[in-house]
Structures are given as structure tokens and as C-alpha cells.
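Asks: A structural model of the following input is requested.
(one chain, ligands or ions: 1)
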Amino acid sequence: MSIAPPLYARPVREAASAAALTDDERSRILAKSAQFAPPSAVLPDGRRDLVGLSRAELTEILTEIGEKPFRTKQLWHWIYHQGATDFSRMSSIARPLQEKLAERFVVGRPQAATVQTSRDETRKFLFRFRDGQEAETVYIPDRREDRGAVCISSQVGCTLSCTFCHTGTQGLVRNLGAAEIVGQFMAARDSYGEWPSPKGETPRLLSTIVLMGMGEPLYNYENIAKAMKIIMDGEGIGLSRRRITLSTSGVIPMMDQCGEELGINLAISLHAVRDDLRDELVPLNRKYPIAELIAACRRYPAASNARRITFEYIMLRGVNDSEADARELVRLISGIPAKVNLIPFNPWPGSRFQPSTREQLDRFAAIVMDAGFASPIRMPRGRDILAACGQLRTESQRARRSSGAPDVQKT
Ligand code: SF4
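Replies: Numbering: from 1, shown residues only. Alright, predicted model coming up:
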């Protein structure tokens with residue numbers, strides 16, 4: 001099928017200079033991210049949370065209290081394979097050492113402030129962290145196959161203000177720490193009693209992770225990378241990199257690093273095929289426009305026909321859902337191992353968009369599919385509990401305002 005570019009479409013802007021992709025740019029992003037660092041992992045009583053430490057860090061603090069490095073392996077097994085939170089349950093560790101550990105450390109979990117289960121069995125957790133900040137995590141079961149995806153948040157709020165997204169109205173409060181990111185998965189697992197971690201190909205109820213909750217994960221890359229390395233570790237939770245998908249609005253310099261260092265699957269919040277429209281829907285596009293984003297996808301190291309890049313496309317009635325848009329989308333992603341997730345817009349209080357009609361969704365999907373790309377229409381899940389895509393939001397920012405704390409700044 002030959003695809004002509006739509007007549008009305010402005011060409012996407014030329015890719016900016018390669019300077020935008022240099023190490024300097026990466027350093028700038030990481031330095032900015034550090035300004036929104038999570039609070040210390042030490043409790044007011046002086047005990048330290050062991051969750052979220054790398055193996056090397058765990059060895060280091062065990063050495064500091066006079067323990068041998070082999071204890072790291074033991075503790076790792078109990079924390080991440082068995083899911084133990086109580087040292088007295090760690091039966092391969094002698095009682096005196098259990099007591100010594102309990103005096104100095106904890107194995108923490110975020111507190112579930114609320115847990116709501118939808119009619120369709122989607123479960124939304126509002127997790128509260130030690131400093132009182134909150135973020136949402138959603139478990140989306142696939143009951144036909146006894147498996148499901150855990151949608152994890154990377155930040156409290158979000159800096160990016162995508163205009164169709166409820167989280168974006170909240171502003172960024174702070175980044176989540178590695179412990180808080182891993183902790184969301186572990187606490188969701190507690191809720192389903194899925195410990196010890198299933199080994200190898202044994203079916204898992206919580207079988208995939210999508211980093212698609214609140215926040216832009218690549219603006220919190222270091223904590224995300226540390227958390228994902230813990231989750232992928234084969235002696236603990238052991239979730240394969242093939243079962244983890246990071247969704248980004250297109251923080252291009254960090255996409256490169258993510259592909260090289262973590263090799264996890266990539267999803268792109270595309271949502272528009274013209275720069276003028278994407279500038280409005282996903283304001284980050286003004287910094288990293290479509291041409292650069294697509295070029296970064298073409299070189300993403302972990303993409304292959306077996307592990308396609310997902311392009312997320314929220315369908316907004318009369319805004320981005322025309323047949324010309326569909327044809328331009330096909331032209332843009334041509335040659336990339338890709339699939340397109342079409343997401344019916346889930347209205348939230350105060351939103352100014354309307355969902356596309358079913359007919360328009362089907363027409364759009366057919367054009368993309370005829371061009372050889374899978375284009376499932378993602379059925380909204382958990383709509384009755386505001387757990388669907390783009391609906392997550394917490395009261396964290398509002399609480400800061402009423403407490404008189406200064407507003408945070410956007411990156
Ligand atoms: S869509 Fe994602 S990146 Fe955009 S405002 Fe919402 S949470 Fe942030």
C-alpha cells in the first residue's frame with residue numbers, strides 16, 4: 001500500500017544538532033533530577049531500610065557491622081525471593097544475627113493508604129511513603145491467562161504537563177527512590193500473596209512491569225535503573241528485561257542510556273504526528289521534536305522484531321484521530337520494529353478533550369494495521385476507580401500547598 005503524506009501536515013521539524021544528545025545534556029538532566037531527590041532511607045529511630053540497595057551497597061553496610069560478604073546473598077534471597085519483611089522469619093540466619101539486623105535495619109514497604117478494586121478486577125493502590133508523599137500503582141490482571149501487568153509510578157506528580165493527562169495537572173513534587181519503586185512492586189505482590197518469587201517460566205500473576213504510572217521515568221533515570229536492576233536480579237524477583245517496558249515522552253539522551261544499560265522494552269508516548277500538535281499535547285516535544293525522537297527509536301539497542309517498540313497514541317476526537325494522521329503515523333514509523341497501542345481517551349474531571357468515536361478508532365486502526373503494524377485498541381481498564389491511562393493523580397501537591405510549603409519548580 002502506498003502512503004502519501006497528508007496534504008495539510010507540516011513536515012516534522014528537522015532534527016536539531018547532535019549537541020542535544022551529548023553527554024553534557026545527559027549530565028544536565030541527571031543534575032536536575034538530583035534536585036528532586038527522595039528523602040533519606042534512614043528512619044527517625046536510626047534504622048536503615050535495606051530495600052533499594054544494590055548488592056554492592058548491601059555488602060558494604062554489612063561489612064560495616066562486621067558481617068562477611070556471603071550474608072549479602074542470604075539477605076537478598078530473603079528480601080527479594082521470599083518476600084520476608086521480618087528478620088525473625090529468615091530461618092537460615094542464626095537468632096543473634098537476626099536480632100542484630102533488626103536493631104539496625106528494616107525491610108520496608110510503602111504503606112497502602114487506599115486499595116480499590118475495579119469491577120473488571122483492576123486494582124489501584126495509593127501508596128504513601130515515609131515523608132507522607134503518595135503515588136499510585138495499578139495492577140491490571142489478564143484473567144484468561146492468570147497473569148498481569150503492574151503499572152508503576154516513577155515520580156510523585158510529573159513535570160511534563162501533557163495536556164490530556166490528569167497527573168500532568170499536578171506538577172512535580174519529587175522523584176521516587178529505588179526503594180519506593182521496587183517497593184510498589186513488592187507491596188502489590190504482598191497483596192496477591194505471590195511469594196516466594198516464581199522461578200523461570202513458572203506462571204506469575206504479576207508477570208510484567210510497565211513504567212507508565214505517574215511521572216516521566218527518564219527524568220528519574222538513576223533511581224529507575226537501580227530499581228530495575230534489583231527487580232531483574234535472577235536470585236531475587238528475577239523478572240526478565242523482556243517483561244519490563246519503560247514508557248517515555250521522549251527524553252532522548254536518556255533513551256540511549258536506558259537501551260544500552262538496561263535493555264528493557266521501550267514505549268513512546270507519541271500521541272501526535274505533527275510537531276505543532278505534539279508541542280501542545282506533549283510539551284516536551286518543543287525540546288525533543290518528532291524527527292529526533294523517531295531517530296532515537298531507530299537506534300534503540302533493545303528493539304527487534306521480537307521486542308518491538310510500542311508507540312502509544314491516545315485517541316482524541318477531532319484532534320489527532322483523522323485518517324491523514326494515521327497515514328502520517330505509518331510513514332513516520334516505517335522500518336521500525338513497532339506496534340501501535342491506540343488508547344481511547346479516558347476523561348477526567350476538568351479535561352477538555354473528548355474520546356474518539358468507535359468508528360474513528362476502527363478506521364485509524366485499520367490504516368495502521370494494513371501497513372503491517374499491530375494496532376490493538378487498548379480497552380480501558382479500571383475506569384470506575386480512575387485507574388485508567390492518564391487518570392492517575394494524588395493529593396500530594398495540594399497537601400504541600402495547604403501546609404504552606406513552597407511549590408516545587410518544574411525541570
Ligand atoms: S502523560 Fe506521562 S509524562 Fe505526560 S504529564 Fe502524564 S505522567 Fe507526565
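Asks: quick one: name the residues of the stretch 151-300 of the chain near the ligand.
Replies: Counting by Cβ under 6 Å from any ligand atom, the positions of the stretch 151-300 of the chain adjacent to the ligand are 158, 160-162, 165, 167-168, 214-216, 249, 269. For the C-beta atoms, the positions are set from N, CA and C on the backbone; glycine is no exception.
Asks: wait, which of those residues is closest to Asn223?
Replies: Gly215 (10.5 Å; Cβ to Cβ).
Asks: list the residues that contact that closest one.
Replies: Residues in contact with Gly215, defined by Cβ atoms under 8 Å, 6 or more residues apart in numbering, are 135, 153-158, 167, 172, 175-176.
Asks: of the residues you listed, which pair is most distant in space?
Replies: Maximum distance among those (Cβ to Cβ): 14.2 Å, for Thr167 and Asn175.
Asks: looking at the contacts of Gly215, which is nearest the ligand?
Replies: Distances from the ligand to the contacts of Gly215, taken as Cβ to the nearest ligand atom, are shortest for Cys158 (3.1 Å).
Asks: circling back: which ones among the contacts of Gly215 map onto strands?
Replies: Among the contacts of Gly215, the members found in strands (DSSP state E) are 135, 155-157, 172, 175.
Asks: now those as JSON lines including distance to Lys339?
Replies: Output for the ones in strands among the contacts of Gly215, formatted as JSON lines (distance: Cβ to Cβ, whole Å):
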{"residue": "Ala135", "distance to Lys339": "28"}
{"residue": "Gln155", "distance to Lys339": "26"}
{"residue": "Val156", "distance to Lys339": "30"}
{"residue": "Gly157", "distance to Lys339": "29"}
{"residue": "Leu172", "distance to Lys339": "30"}
{"residue": "Asn175", "distance to Lys339": "30"}
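Asks: I'd like those written out as CSV, with distance to Arg144 and neighbour count added.
Replies: Shown next, in CSV, are the ones in strands among the contacts of Gly215 (distance: Cβ to Cβ, whole Å; neighbours: other Cβ atoms under 10 Å):
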residue, distance to Arg144, neighbour count
Ala135, 29, 29
Gln155, 33, 29
Val156, 34, 29
Gly157, 35, 27
Leu172, 37, 25
Asn175, 36, 25
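Asks: can I get these in TSV with pLDDT?
Replies: Conversion of the ones in strands among the contacts of Gly215 to TSV gives the following (pLDDT from 0 to 100):
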residue	pLDDT
Ala135	94
Gln155	96
Val156	94
Gly157	90
Leu172	92
Asn175	97
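Asks: biggest helix in the chain by residues?
Replies: Determined from DSSP state H, the single longest helix within the chain is helix 178-192.
Asks: quick one, what contacts the residue most central in space within the chain?
Replies: By Cα atoms, centre = their mean, the chain has its centre lying nearest to Leu211, at 1.7 Å. For Leu211, the contacting residues are 152, 154, 217, 224, 244-247, by Cβ under 8 Å, 6+ apart.
Asks: take the residues of the stretch 151-300 of the chain next to the ligand and keep only those in strands.
Replies: Ser269.
Asks: quick check, distance from stretch 294-308 to the centre of its chain.
Replies: Centroid separation for stretch 294-308 versus its chain: 18 Å, with Cα atoms, centre = their mean, to the nearest Å.
Asks: only alpha carbons, please: show that stretch as CSV.
Replies: Output of stretch 294-308 as CSV, limited to C-alpha atoms (Å, rounded to 0.1, in the frame of the first residue of the first chain):
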residue,chain,number,x,y,z
ILE,A,294,12.0,8.7,15.8
ALA,A,295,15.7,8.7,15.0
ALA,A,296,16.4,7.7,18.7
CYS,A,297,13.8,4.9,18.3
ARG,A,298,15.6,3.6,15.1
ARG,A,299,18.8,3.3,17.1
TYR,A,300,17.3,1.9,20.3
PRO,A,301,19.6,-1.1,21.0
ALA,A,302,17.0,-3.4,22.6
ALA,A,303,14.4,-3.2,19.8
SER,A,304,14.0,-6.1,17.4
ASN,A,305,11.1,-7.9,15.6
ALA,A,306,10.7,-10.0,18.8
ARG,A,307,10.8,-6.9,21.0
ARG,A,308,9.0,-4.1,19.2
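Asks: for that stretch, which outside residues touch it?
Replies: 12, 15, 21, 241-242, 250, 252, 255-256, 259-260, 262-266, 268, 309, 332-333, 335-339, 374.
Asks: quickly list what the residue nearest to the centre of the chain is bridged to.
Replies: Beta bridges link Leu211 to Leu246, judged by DSSP bridges.
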